[in-house]
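Participant: please work out how this folds:
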Amino acid sequence: MKNSEISERFSKLSTPLIADACIRLGVSFNIAPFGIQPVLIDCRIGGKALPVRHFGSVDVFLEAMNEAEEGDILVVDNNGRCDEGCIGDLIVIEANSCNLGGIVIWGTHRDTPELRSLGFPLFSYGSWPVGPLRVDERGPEVFESARFGEYGVTRDDAVFGDLDGVLFVPYGSVNEVLQMAESLSETEKSQAKAVRSGKTLREQLRFDEYLTKRKKDPQYDFRKHLRKIGGAIEE
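Facilitator: Coordinates of the predicted model:
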């Protein structure tokens, strides 16, 4: 699946829906650490991961862009450091010029006002005014994988991000995950519309029936009930 299709379909969804879809399908996925947030308020990214490890110099980002496909998401491993802004406006301008779909940093950025004016989607722990003051020895795995919190991200992953966070999903499962997320989205929209029209969520989910069954059978939990009636609130 092309990045353009992933991005277009995800533009109508959210990371909670992607996560719910993965859980329904039994597809393993990873979550970026708490605190990774977009610079832009209204921001969604979806595309194939382009991993890179940072060792203090921006040359690795430029080199990674040489291998990028349109719509790729640059996933930067800066070891979660919050004491250096490893990406600023010039690298973001370059990323935009080569049609990357976004940047996700396990670390911090700088030049926030400029980044917001550019309108390019970037996620990080936040801003730090000073750039890297080091140049460490480059490891052999610099473009093979990026650590992001407890997890490794490779070219075999897809990235989804919005205001709720960032997810990493196996690229080979993206189509079925998007299909399930779209189905869940339609169900939830239908439920919300019904509530606005006067049919409460409790009625739609036959909540009184659930309470009666739970009273008779304490093992009958709400998720069992939702699966039985086709509800989509949780799994």
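
Participant: what segments of the protein are helices?
Facilitator: 3-10, 15-25, 59-66, 89-97, 112-118, 174-196, 201-204, 207-216, 222-229 (DSSP state H).

Participant: show me what the third one is in contact with.
Facilitator: Judged by CB atoms under 8 Å, 6 or more residues apart in numbering, the contacts made with helix 59-66 from elsewhere in the structure are 50, 52-54, 74, 76, 87, 91, 94-95, 98, 100, 138, 142-143. Any C-beta I mention is one placed from the backbone N, CA and C, and that applies to glycine too.

Participant: mean neighbour count and distance to R44 for the helices of the chain - can I get that in TSV?
Facilitator: Rendered in TSV, the data for the helices of the chain read as follows (neighbours: other CB atoms under 10 Å; distance: least, CB to CB, whole Å):
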stretch	mean neighbour count	distance to R44
helix 3-10	18	6
helix 15-25	20	9
helix 59-66	16	22
helix 89-97	17	16
helix 112-118	15	16
helix 174-196	16	13
helix 201-204	13	26
helix 207-216	13	33
helix 222-229	14	27
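
Participant: what's the closest of these to I31?
Facilitator: helix 15-25 (7.6 Å; CB to CB).

Participant: by how many degrees do the closest one and helix 222-229 diverge?
Facilitator: In terms of direction (axes from the mean of the first three to the mean of the last three CA atoms, to 10 degrees), helix 15-25 departs from helix 222-229 by 80 degrees.

Participant: to the chain's geometric centre, what's the distance from stretch 171-185?
Facilitator: 14 Å (CA atoms, centre = their mean, to the nearest Å).

Participant: same check, this time on stretch 42-50
Facilitator: The answer for stretch 42-50 is 7 Å, by CA atoms, centre = their mean.

Participant: buried residues in that stretch?
Facilitator: 43-50 (16 or more other CB atoms under 10 Å).

Participant: report pLDDT for C86.
Facilitator: Here the pLDDT value assigned to C86 is 97.

Participant: which one is it nearest to, not counting chain neighbours?
Facilitator: N78 (4.7 Å; CB to CB, 6 or more residues apart in numbering).

Participant: what about that neighbour, how many residues close to it?
Facilitator: 26 (other CB atoms under 10 Å).

Participant: for it, what are its contacts?
Facilitator: With CB under 8 Å, 6+ apart, N78 has these contacts: 54, 84, 86, 105-108.

Participant: how about these, which pair is most distant?
Facilitator: E84 and W106 (12.4 Å).

Participant: among those two, which residue is more densely surrounded?
Facilitator: Neighbours per residue, other CB under 10 Å: of E84 and W106, the larger number sits with W106, 27 against 19.

Participant: and the more buried one, how close does it get to V195?
Facilitator: 39 Å (CB to CB, to the nearest Å).

Participant: kind regards, and thank you for your time.
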